[in-house]
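Participant: For reference, the sequence and a predicted model appear below.
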Amino acid sequence: MAVEVQTRPHQLIASDRVEGTAVRRPNGDMIGHIERLMIDKISGKVSYAVLSFGGFLGIGTNLIPLPWGKLHYNPKFEAYELDIEDDELKRAPSFRADKDFDWGDRSQEAELHRFYGVPPYWGGF
């Protein structure tokens, strides 16, 4: 016997629903989409969203790790909002889709946070 569950609006979202979500500028222009989330194993908090940016049909696409706090959900667009111009994104720390960011290298993470001017999720700068 199936049990029907009543659902009420809430602030939580499953990670698989975030992956693939559009990232837009405040004016609605499309930037890219969220490829995946990086979650701190100890705290359980989302640390980064990896933005898929540029390229065509997956060729030449850059993956840009963004500190999670740089994104804001905009229900009007049903997308995450990022107020950064293309030229700044092109200079941002990134990696190619066929490689991966070295998440074990804190100096790379620190550089990422300095670039965006936000304190690291682990504290300090």
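Facilitator: Received, thanks. Note that the structure is predicted; figures quoted are calculated from it, not measured. Numbers count the residues shown, from 1 in each chain.
Participant: which residues are in contact with the helix or strand residue 31 falls within?
Facilitator: Using DSSP states H and E, the element containing residue 31 is strand 30-39. Residues outside strand 30-39 that contact it (Cβ atoms under 8 Å, 6 or more residues apart in numbering): 15, 18-25, 45-54, 63-65, 68, 80, 82, 84, 86, 89, 103. The way it works is simple: take the backbone N, C-alpha and C, and place the C-beta from them, glycine included.
Participant: among these, which ones are buried?
Facilitator: 18, 21-25, 46-54, 63-65, 68, 80, 82, 84, 89 (16 or more other Cβ atoms under 10 Å).
Participant: Now, those that are in strands?
Facilitator: 22-24, 46-53, 63-65, 80 (DSSP state E).
Participant: For the helix or strand of the chain with the lowest mean pLDDT, name the packing helices and strands.
Facilitator: Lowest by mean pLDDT, DSSP states H and E among the helices and strands of the chain is strand 95-96, with a mean of 78. Contacts defined by 3 or more Cβ pairs under 8 Å, 6 or more residues apart in numbering; DSSP states H and E place strand 95-96 against strand 62-67.
Participant: that older thread, so the strand holding residue 31 versus strand 62-67, what angle?
Facilitator: For strand 30-39 against strand 62-67, the angle by axes from the mean of the first three to the mean of the last three Cα atoms, to 10 degrees is 60 degrees.
Participant: Relative to strand 30-39, what are the paired strands and their orientations?
Facilitator: For strand 30-39, sheet partners with direction are given as strand 22-24 (antiparallel), strand 46-53 (antiparallel), following DSSP bridges.
Participant: among the ones you listed, where is the model least confident on average?
Facilitator: In terms of mean pLDDT, the lowest-scoring of the strands paired with strand 30-39 is strand 46-53 (a mean of 93).
Participant: which regions of this protein sit below the pLDDT cut-off?
Facilitator: Residue ranges of the chain with pLDDT under 70: 1-7, 10, 55-60, 97-98, 124-125.
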